[in-house]
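Visitor: Here is a sequence with its predicted model. Questions after.
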Amino acid sequence: MNERLRRAILRRGLDIAEFAEKAQISTKSVERWIRGDVVPYPRTRYRVAAILQEDESYLWPEAVDRSSLTGAELVSTWPRRQDVPRHLWAELLRQASRNVDYLAYAGLFLTEEHPDWLPLLKQRAEAGARVRLLVGDPEGE
């Protein structure tokens, strides 16, 4: 049973027939996907994921080659934190609608250099974004 797909369809407020029409597929195909009998072709998986606003790898984890996803959301890199345009930290947070994942050893500069960082973080969480923070101890070994 593909519970993730079933719930994603329901979260969008659709029944199987409405979803099938929107995705331009048969209701029988959707029912087979939900039962776990078959997995759609990559092109169809991509279209369905876009309609449901979910990651394809979330809906069909066994069907997506993880190595092909590496860097899929990577837009830019900088060799040092000070090379990142100063405005970008808050701008990226303002645009977050689904997830905010933050991993830093200390990351003290964000709240020191961007006083609006914590209120923005709270605002994103209240707007429904999943916020996950993992911060190390700057005094730790």
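Guide: Good, I have the coordinates.

Visitor: Next, the buried residues of the helix or strand hosting residue 8.
Guide: Using DSSP states H and E, the element containing residue 8 is helix 3-11. The neighbour-count check on helix 3-11 (16 or more other CB atoms under 10 Å) flags 5, 8-9 as buried. Yep, even glycine has a C-beta here, placed from its N, CA and C like the rest.

Visitor: What of stretch 21-34?
Guide: 23, 25, 29-30, 33-34.

Visitor: for stretch 87-97, same thing?
Guide: 89-90, 93, 96.

Visitor: any idea how far that stretch is from the chain center?
Guide: Relative to its chain's centre, stretch 87-97 lies at 15 Å (CA atoms, centre = their mean, to the nearest Å).

Visitor: C-terminal to the lowest-mean-pLDDT helix or strand in the chain, what's the next element?
Guide: Scoring the helices and strands of the chain by mean pLDDT, DSSP states H and E places helix 66-69 at the bottom, with a mean of 54. Heading C-terminal from helix 66-69, the first helix or strand you meet, by DSSP H and E, is helix 88-95.

Visitor: and the next helix or strand after that following helix, which strands flank it?
Guide: Toward the C-terminus, helix 88-95 is succeeded by strand 99-104 as the next helix or strand (DSSP H and E). With DSSP bridges as the test, strand 99-104 is paired with strand 130-135 (parallel).
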